[in-house]
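Visitor: Return a 3D structure for these sequence lines:
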Amino acid sequence: MTSARNFTDDAAVQEDPRAAAVAPRPVVAQLPKYAAGKPPAVIEGLQPYKLSSNENPLPPLPEVLAAINSQHSIQRYPDPLSTALRTELGRFLDVPSEDIVTGAGSLGALVQILQTFAGRNPDGTADEVVYAWRSFEAYPIMVGLAGAESVQVPNRADGAHDLDAMAAALTDRTRVVLLCTPNNPTGPALTTAQVEDFLAKVPSDVVVVIDEAYTEFVRDPEAVDGIRLYRNYPNVIVLRTFSKAHGLANLRVGYSVANQGLTRHLRVAATPFAVSSLAEDAAIASLKHYDQVVERVQSLVDERERVVAGLKDLGWKIPETHANFVWLPLGADSQDFAEFAGTQALSVRAFPGEGVRVSIGEVEANTRFLALCANYTKGPGVS
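Guide: This is a model prediction of the structure:
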């Protein structure tokens, strides 16, 4: 019997000469590899904390854990349409359940959108997908695997989307636009006025995806609400997830919301049984106790504001954040800072040459992070 190998372990593949006979599609070699946040180093005398993956440091609600523990039909396939969850979400969002398509996290839901609306055409030309950069690092991977071409539009100096430049980047080959708000990894959120102005410049046959994975952490009253916009714009699709605010990242449950002229196509591309019955029951339980979710999210928002204020007091200059993380625009010093954090049993997410994203974690973790920043002399604005 052959042993299982990690598909990301290139060294293991190269050890077997037979692997040379099997080649992936050419596009695979051209794509960046997704780099998940690493666990923290073990340092004697220090509690390690992972601040590299934007995870909710709080466990799911007790009612959610009870729903998970009561699941006794793991040997059965789940409902492929997640009917119970879509019904509950329909009530929660005040939208028709038929407008909701579930997926394995919001990323799974995004893959369904790209596979449906963007790719390579019969004549060999590739559709274009426009998005800000830097943004969610899975975007270029999923766009490329769908057969489409990425059109990356640089963020403004403050880390926000440059919507004017994105509108100017649209061509007759553009099929999808991705708006990440709040933007991962930089943090700024788009306003309703900004998005409506942008939508007025987008052809009606171009799908505009509003990726709101962190929407529960937003406190700006002017911030865009994708659900409100989808009601008025037939080409808008909203992405949301249970991974962040609800603390269900491991269960992989997300969804898109769009009008039924779009969802009827999305269901064709939807991966069968992508959301397990265990994940569905957990998500429903979390929605039914949403008041408790809000309390927990607010505690993280309070910690975010404490961290932001602490960084400003130290002289650091960072983009405005509306998510559960902060962005340190360290440029060439990004990897150096990540290694420095590692000496203090903190893992952070470095984007070499650009910056460092640090998730809001446990109170002690956030306090240690601020102490780390106080002792790091290369921070933006620190002399």
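
Visitor: Counting neighbours, what do you get for I227?
Guide: Neighbour count for I227, taken as other C-beta atoms under 10 Å: 18. Placement of C-beta: from N, CA and C, glycine included.

Visitor: Could you check how far it is from F92?
Guide: 10 Å (C-beta to C-beta, to the nearest Å).

Visitor: Repeat that for E339.
Guide: Distance from E339 to F92, by C-beta to C-beta: 43 Å.

Visitor: and what of R368?
Guide: On the measure of C-beta to C-beta, R368 and F92 end up 37 Å apart.

Visitor: Confirm that F337 sits in a helix.
Guide: Yes: with the criterion set as DSSP: H, G, I helix; E, B strand; the rest coil, the secondary structure at F337 is a helix.

Visitor: can you pull the contacts of it?
Guide: Residues near F337 by C-beta atoms under 8 Å, 6 or more residues apart in numbering: L328, L330, V348, A350, V356, Y376, K378.

Visitor: out of everything not next to it in sequence, what's closest to the fifth one?
Guide: Of all residues beyond its chain neighbours, the one nearest V356 is L328 (4.4 Å), with distances taken as C-beta to C-beta, 6 or more residues apart in numbering.

Visitor: what's across from V177 in the sheet?
Guide: V130, V208 (DSSP bridges).

Visitor: That one reaches V202, doesn't it?
Guide: Yes: under the criterion of C-beta atoms under 8 Å, V177 makes contact with V202 at 6.5 Å.

Visitor: Of those two, which one has the most company?
Guide: Using other C-beta under 10 Å as the criterion, V177 and V202 rank with V177 on top: 27 against 19.

Visitor: ok, now which ones touch that one?
Guide: So V177 contacts V129, V130, Y131, M166, L170, V202, V206, V207, V208, V209 (C-beta under 8 Å, 6+ apart).

Visitor: What separation do you get for it and A269?
Guide: Here V177 is placed at a distance of 18 Å from A269 (C-beta to C-beta).

Visitor: What confidence value was assigned to H72?
Guide: pLDDT for H72: 87.

Visitor: Make residue 1 into 48 and carry on from there
Guide: In the new count, where the first residue is 48, that last one comes out as H119.

Visitor: burial of it, as a residue count?
Guide: 7.

Visitor: Confirm it sits in a strand?
Guide: No: going by three-state DSSP, the assignment for H119 is coil, not a strand.

Visitor: what's it in contact with, if anything?
Guide: H119 sits in contact with no residue, where contact means C-beta under 8 Å, 6+ apart.

Visitor: So what does it look like in phi/psi?
Guide: phi -130, psi 20 (degrees, to the nearest 10).

Visitor: how long is stretch 189-200 end to end?
Guide: End-to-end distance for stretch 189-200: 17 Å, by C-alpha to C-alpha, to the nearest Å.

Visitor: got the buried residues for that stretch?
Guide: The neighbour-count check on stretch 189-200 (16 or more other C-beta atoms under 10 Å) flags M189, V190, G191, L192, A193, G194, A195, E196, S197, V198, Q199, V200 as buried.

Visitor: Kindly report the same for stretch 109-123.
Guide: V111, A114, I115.

Visitor: Please apply the same query to stretch 143-159.
Guide: Quick answer for stretch 143-159 (16+ other C-beta under 10 Å): 144, 146-159.

Visitor: now do stretch 349-358
Guide: E350, R351, V354, V355, G357, L358.

Visitor: distance between that stretch and the chain's centre?
Guide: Mean C-alpha position of stretch 349-358 versus that of the full chain (C-alpha atoms, centre = their mean, to the nearest Å) differs by 22 Å.

Visitor: Equivalent analysis for stretch 362-374, please.
Guide: Stretch 362-374 sits 17 Å away from the centroid of its parent chain (C-alpha atoms, centre = their mean).

Visitor: May I see the buried residues of that stretch?
Guide: W363, I365, P366, E367, T368, H369, A370, N371, F372, V373, W374.

Visitor: Span of that stretch from start to end?
Guide: Start-to-end, stretch 362-374 (C-alpha to C-alpha) is 14 Å.

Visitor: Three-state assignment for the residue lying closest to G389 once chain neighbours are set aside, please.
Guide: Nearest residue to G389, sequence neighbours excluded (C-beta to C-beta, 6+ apart): A88, at 4.8 Å. Classification of A88 by three-state DSSP places it in coil.

Visitor: And A88, how far from P143?
Guide: A88 sits at a distance of 49 Å from P143 (criterion: C-beta to C-beta).

Visitor: rewinding a little: which residues do V224 and V249 both contact?
Guide: L217, V255.

Visitor: What about the buried residues of stretch 143-159, which are in strands?
Guide: Taking DSSP state E, the ones among the buried residues of stretch 143-159 that sit in strands are I147, V148, T149, G150.

Visitor: Would you mind measuring from the third one to F416?
Guide: Meaning T149. T149 is 35 Å from F416, by C-beta to C-beta.

Visitor: Show me where this protein has its helices.
Guide: 57-61, 73-77, 109-116, 130-140, 152-164, 185-193, 210-215, 239-246, 273-279, 307-316, 324-335, 337-360, 381-389, 410-421 (DSSP state H).
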